[in-house]
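J.: all I have is the shape, not the residue letters:
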């Protein structure tokens, strides 16, 4: 197995858009003036709200519109100050202070890396603002609807347009829609496949009333003796992929 854990097509999109990549906040200068304060408020919420949980529902649909569901997955995210954990698609992304673990249960692998960044967030706003710019802003009674389109130099990203539905009162994202820029194979009723464009809809249900302190720790997953690492008994048979070397 290579040092980077192999992910399926949905997981590739998840890790691109859901794991935080620190990008300087100056990228907001690329946004339309009316979107800038909204996006700044969203980033402020996720960076400065110390404790919360989020239920995540991801749906891959065929076509740029319509309700033809191809795949559907549920996940969960929790943040407790310097700790965060994302559970999605039989994988876990766990951020401790200075260390990140990615556990792939399908491939029985634990990826270990040292990182100076803080806890992850359920939506990687800073990360994808490097590749997108604001194109329009709409609203309803409870939400801002921000449309972002890919910049010409970022044709390599898998989505050419993103919609963000932002709660007006609390400044968190309630829904994200990624319009995929390349065709995917969709399975038909007769078992054959047909390529078409698709979109990934992600619904976030936030709970800001996290009452109990999270007691998770690195030693629940791996044991370290000097420079040697091994999975704990619960993960017997898992390969450690050490990216810190």
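T.: Cool, got the structure. None of these values were measured; they are calculated from a predicted model. Numbers count the residues shown, from 1 in each chain.
J.: residues near residue 153, how many?
T.: By other CB atoms under 10 Å, the residues close to residue 153 number 7. Bear in mind the C-beta positions are built from the backbone N, C-alpha and C, glycine included.
J.: swap in the one 3 residues further on?
T.: A count of nearby residues for residue 156, using other CB under 10 Å, gives 8.
J.: who's the spatially closest residue to residue 239 that is not a sequence neighbour bridged to?
T.: Distance criterion CB to CB, 6 or more residues apart in numbering; nearest residue to residue 239, sequence neighbours excluded, is residue 109 at 4.8 Å. When bridges are called by DSSP bridges, residue 109 pairs up with residue 104, residue 239.
J.: please report how far residue 109 lies from residue 226.
T.: Residue 109 is 22 Å from residue 226, where distance means CB to CB, to the nearest Å.
J.: pick out whichever of the two has more residues nearby.
T.: Between residue 109 and residue 226, counting by other CB under 10 Å, residue 109 is the more crowded of the two (19 against 5).
J.: look up how far residue 92 lies from the more buried one.
T.: Residue 109 is 11 Å from residue 92, by CB to CB.
J.: so what sits against both of the two?
T.: Shared contacts of residue 109 and residue 92 (CB atoms under 8 Å, 6 or more residues apart in numbering): residue 103.
J.: leaving out chain neighbours, which residue sits closest to residue 146?
T.: In this structure, residue 146 finds its nearest non-sequential neighbour in residue 164, 4.4 Å apart by CB to CB, 6+ apart.
J.: same question, residue 92
T.: Closest to residue 92 by CB to CB, 6+ apart is residue 103, at 4.3 Å.
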